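K.L.:
Fold the following and give me the result.
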Amino acid sequence: MTTDPQIGRLLSNRYQLIELVGKGAMGRVYRAEDVLLGAVIAVKFLSQTLLSPKMRDRFKAEARTCAQLGQKSIHIVRVTDYGVNDEDIPFYVMEYLQGKALAKSSVLSRFHSLNFSAFRARFAWVCNVPIKGSWLMAEFAQSSTATLSPATSW
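P.N.:
Take a look at the predicted model:
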């Protein structure tokens, strides 16, 4: 078994990485501790294979979008910080939610049968924003992921 070299690292003199909790095409997510406040948080890193300027911009836009939407809806994870580590890899800090992965949930299977209009209406409801004239749809179209809390009901 290979040990992750990131475990135990301290980011921004504040966030200590504890364990890898998820990984995918966009990057890795770690459970961590905010040593300043004593809170359990999550830290998402952009994948090292995606470090182009365009992907860095998209990753930052994802963090910004989640930070803005997280203030408006209890169904969106709250993003609280953004930075780059010593290797110049971008990361953002968000609240840590316990629950099962969406891939193991029935939530995603419900999306497969929705047309775009129905999906857009439900997404706007979760985000607590109006659909017409909303920057949300433009941001969502550009974003690589949507982060939903386990409490989201459809």
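K.L.:
Please look at Met26 and Leu51 and confirm they touch.
P.N.:
No - with contact defined as Cβ atoms under 8 Å, Met26 does not count as touching Leu51 (11.8 Å). The C-beta positions use only the backbone N, C-alpha and C, and glycine is treated the same way.
K.L.:
In this protein, where's the longest helix?
P.N.:
helix 53-70 (DSSP state H).
K.L.:
Can you show me the strands along the protein?
P.N.:
Using DSSP state E, the strands of the chain run over residues 10-11, 15-23, 27-34, 39-46, 79-84, 90-95.
K.L.:
hey, C-alpha coordinates of stretch 27-38 in CSV?
P.N.:
Provided in CSV are the C-alpha atoms of stretch 27-38 (Å, rounded to 0.1, in the frame of the first residue of the first chain):
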residue,chain,number,x,y,z
GLY,A,27,-8.3,16.4,-8.7
ARG,A,28,-8.2,15.1,-5.1
VAL,A,29,-10.2,15.9,-2.0
TYR,A,30,-8.7,15.6,1.5
ARG,A,31,-10.2,15.7,4.9
ALA,A,32,-8.2,18.2,6.9
GLU,A,33,-8.1,20.2,10.1
ASP,A,34,-8.1,24.0,10.3
VAL,A,35,-5.5,24.2,13.1
LEU,A,36,-6.3,27.8,13.7
LEU,A,37,-10.0,27.2,14.4
GLY,A,38,-9.9,23.5,15.3
